[in-house]
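Asker: With the input below, show me the fold.
(one chain, ligands or ions: 1)
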Amino acid sequence: MVDTLPSYLAGEWRTGAGDARVVRDAVTGAPVTEVAAADVDFADVLAYARDTGGNALRAMTFTERSASLKAAAAALSERKDELYELSAKAGSTRADAKVDVDGGFGTALVYAGLGRKGLPDGTVIVDDPEPTAYGKHGLFLGQHILTSRLGVAVQINAFNFPVWGMLEKLAPAVLAGVPTLAKAATPTAYVAEHAVRIIVESGALPDGALQFVAGPVNGLLDLLDGQDSVGFTGSASTAAGLRSHPSVVGRSVRFTAEADSLNASVLGPDAAPGTPEFDLYVDQVVTEMTTKAGQKCTAIRRAFVPSAHLDAVQDAVAARLADVVVGAPGADGVTMGALVGTDQRDDVRAKITELAADARIVAGDPTTVDVVGADPEIGAFLAPILLRGDETSQAAHYVEAFGPVSTLLPYDGSAADVIAEVARGQGSLAASVVSGDADFARATVLGIAAHHGRVLVVDRDSAPESTGHGIPMPQLVHGGPGRAGGGEEEGGLRAVHHHMQRTAVQAGPDLLRSLG
Ligand code: NAP
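Answerer: A predicted model of the protein is given here:
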């Protein structure tokens, strides 16, 4: 028997009731916890957020909110080993866990800094550098202000980043003065729960500023109104269902989605074997395939290579993948952990079968894997799988295998051709161009920008300071059009503004000055 995972609602930890889902250790298969619907009336939870959390946050200045956020981040940093340990049960190596845990508190710290340095020591943001005058004498002017919305930020997270995913949504809401109700994805809810516990125990945030729910949230969306928001990360199909919820549609609940994405990486025609760019490209593809066992929304799924270099890239990536040691996080020499669970592994295997309908597997075997320190039959292990398609391949442009899987695809070496090929993914979170040819890189960036939230160009000069294809930065937009969900998160203070209401105020100069 394992304990049922509690939720933190209306100021107390409450254990769920009713049918429970057992969550198993990704490596050993042993039950870790079980997740059941929270035994609570969501109307009370929302009221607690709006009245207790919202009132407390709105009474604080941006400077005070920044300090709270910094204290929450510091508490997580101090106890990060506890989170690494739990993350290992979800299949994450120490390096994977750092992306999630350190990435999470690091993001909160960046927001704390943005709030401290970029926002006034008050509660209102004046959004225009100068008011617009409507008459000759400047007696009547117009200016935008931003004030905290009076609702709740409902934040629904995906399983792959239980800490970072929660923190990158929570931090801007705290700064904006809006209380959060964070809903964790069931497979890693126990990691998110522990992060919330650390924050709650630190006392960094005022009561009601952060509530946490494990398990389903049936009926919650019915209770939302036009002051509330839903920030969703997860699959495109769940996003579609939530986006069309009657509250979202009928009461204009502010809704954003980060969904799945067939991110591209482009090797420039100049980057022949033997160049630093060629090696950087190969390294990046392998890193993106193996970090978090490829369970990253930004991972490279489509690797576009000039036809002339395709064999060389295939050989180089396959050689590097042959050195990957799959196994239990922490076991000797292990460089890639497990997927989050066997259901996820089976789903990825099924998606590989779909991809292999019109591409061929050139490295790895989806049915067998050598595993260090664990039983390959019980743990959710999968070898990294590299596929190779051609100009006629279709599946690579619409099937997302959310694991250590990537497909090499050829193009003719021109920017025009690769721009058209990349666009077949119908909108992605991130793309990269690895090239020392500035004209090619410029043309490609401008040609693919409309389909992407973030584009990264890497060459031998910028590589030493590159933050990597798959790592969203808090100062920059994370999101993407079309298939990627159409939302934007992060992007510095833009994410704070998202939780506030922009209001145009028209008045005389003295009144306007008194607002900010
Ligand atoms: P998912 O099944 O869509 O679930 C995402 C979240 O939605 C979970 O918290 C889930 O809770 C919740 N949920 C499901 N149905 C719901 C409903 N009717 N009402 C409210 N919440 C509901 O996705 P996932 O399997 O966790 O994540 C994998 C997918 O997420 C991949 O496709 C990946 O590409 C995408 N992803 C995107 C990003 C990004 O930033 N764009 C980041 C990470 C992952 P339960 O788990 O309790 O069902």
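Asker: what's the nearest residue to the residue in the stretch 201-350 of the chain that the ligand sits nearest to if we skip its chain neighbours?
Answerer: Ranked by CB to the nearest ligand atom, the top residue of the stretch 201-350 of the chain for proximity to the ligand is residue 234, at 2.5 Å. Heads up, the C-betas are built off the backbone N, CA and C, glycines and all. Spatial nearest neighbour of residue 234, chain neighbours left out: residue 158 (4.6 Å); criterion: CB to CB, 6 or more residues apart in numbering.
Asker: what about that neighbour, distance to residue 198?
Answerer: Separation of residue 158 from residue 198 (CB to CB, to the nearest Å) stands at 21 Å.
Asker: what does residue 154 give?
Answerer: When distance is defined by CB to CB, residue 154 is 22 Å away from residue 198.
Asker: contacting residues for residue 295?
Answerer: Residue 295 makes contact with 159-160, 339-340, 344, 402-403, according to CB atoms under 8 Å, 6 or more residues apart in numbering.
Asker: So which of those reach the ligand?
Answerer: Among the contacts of residue 295, the residues lying close to the ligand (CB under 6 Å from any ligand atom) are 159-160, 402.
Asker: what would the residues you listed look like in TSV with secondary structure?
Answerer: As requested, these are exported to TSV (DSSP: H, G, I helix; E, B strand; the rest coil):
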residue	secondary structure
159	coil
160	coil
402	coil
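Asker: Can you tell me which residues in the stretch 201-350 of the chain are near the ligand?
Answerer: 216-217, 233-235, 238, 241-242, 258-260, 297.
Asker: Helices along the stretch 301-450 of the chain, start to end?
Answerer: Here the stretch 301-450 of the chain has its helices, by DSSP state H, counting those that start in this stretch, at 310-322, 342-355, 415-423, 438-448.
Asker: residues from the protein in reach of the ligand?
Answerer: So far as CB under 6 Å from any ligand atom goes, the chain lies against the ligand at 156-160, 183, 185-186, 216-217, 233-235, 238, 241-242, 258-260, 297, 400, 402, 429, 485.
Asker: Would you mind measuring from the residue lying closest to residue 113 once chain neighbours are set aside to the ligand?
Answerer: Leaving out its chain neighbours, the residue that sits closest to residue 113 by CB to CB, 6+ apart is residue 66, at 7.6 Å. As judged by CB to the nearest ligand atom, to the nearest Å, residue 66 and the ligand stand 24 Å apart.
Asker: Equivalent analysis for residue 391, please.
Answerer: Going from residue 391 to the ligand by CB to the nearest ligand atom gives 26 Å.
Asker: again, but for residue 462
Answerer: For residue 462 relative to the ligand (CB to the nearest ligand atom), the value is 24 Å.
Asker: Contact partners for the residue nearest to residue 310 when sequence neighbours are not counted?
Answerer: Excluding the flanking residues, the one nearest residue 310 by CB to CB, 6+ apart is residue 410, at 5.2 Å. By CB under 8 Å, 6+ apart, the contact set of residue 410 is 304-307, 310, 389-391.
Asker: Quick one: buried ones out of these?
Answerer: Among those, those classed as buried by 16 or more other CB atoms under 10 Å are 304-306, 310, 389.
Asker: can you tell me which two in the residues you listed are farthest apart?
Answerer: Farthest pair in these (CB to CB) is 306 and 389. Separation: 14.6 Å.
Asker: is it true that residue 415 touches residue 448?
Answerer: No. The pair residue 415 / residue 448 is not scored as a contact, 9.3 Å apart, by CB atoms under 8 Å.
Asker: who's the residue nearest to residue 310 bridged to?
Answerer: With beta bridges defined as DSSP bridges, residue 410 has these partners: residue 305.
Asker: In contact with residue 186, which residues?
Answerer: Residue 186 sits next to 21, 23, 35, 159, 214-215 when contact means CB under 8 Å, 6+ apart.
Asker: Tell me which helix or strand comes right after the longest helix anywhere in the chain.
Answerer: The residue-count maximum for a helix in the chain (DSSP state H) belongs to helix 94-118. Per DSSP states H and E, the first helix or strand lying C-terminal to helix 94-118 is strand 125-126.
Asker: Parallel or antiparallel, which strands does that next one pair with?
Answerer: In the sheet, strand 125-126 lines up against strand 141-148 (antiparallel) (DSSP bridges).
Asker: Using PDB, write out every CA atom in the helix or strand just after the partner strand.
Answerer: Next along the chain after strand 141-148, taking DSSP H and E as the criterion, comes strand 153-156. C-alpha atoms of strand 153-156 as PDB (Å, rounded to 0.1, in the frame of the first residue of the first chain):
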ATOM      1  CA  ALA A 153      -4.400  31.700 -12.600                       C
ATOM      2  CA  VAL A 154      -5.200  28.000 -13.100                       C
ATOM      3  CA  GLN A 155      -2.000  26.400 -14.300                       C
ATOM      4  CA  ILE A 156      -2.200  22.900 -15.800                       C
END
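Asker: Helix or strand with the lowest mean pLDDT in this structure?
Answerer: Lowest by mean pLDDT, DSSP states H and E among the helices and strands of the chain is strand 17-24, with a mean of 90.
Asker: so what does it touch, helix or strand wise?
Answerer: Here strand 17-24 touches strand 31-37, going by 3 or more CB pairs under 8 Å, 6 or more residues apart in numbering; DSSP states H and E.
Asker: now the very next helix or strand once past the strand it packs on, how far from the chain's geometric center?
Answerer: Sequence order places helix 42-48 as the next helix or strand after strand 31-37, per DSSP H and E. Relative to its chain's centre, helix 42-48 lies at 27 Å (CA atoms, centre = their mean, to the nearest Å).
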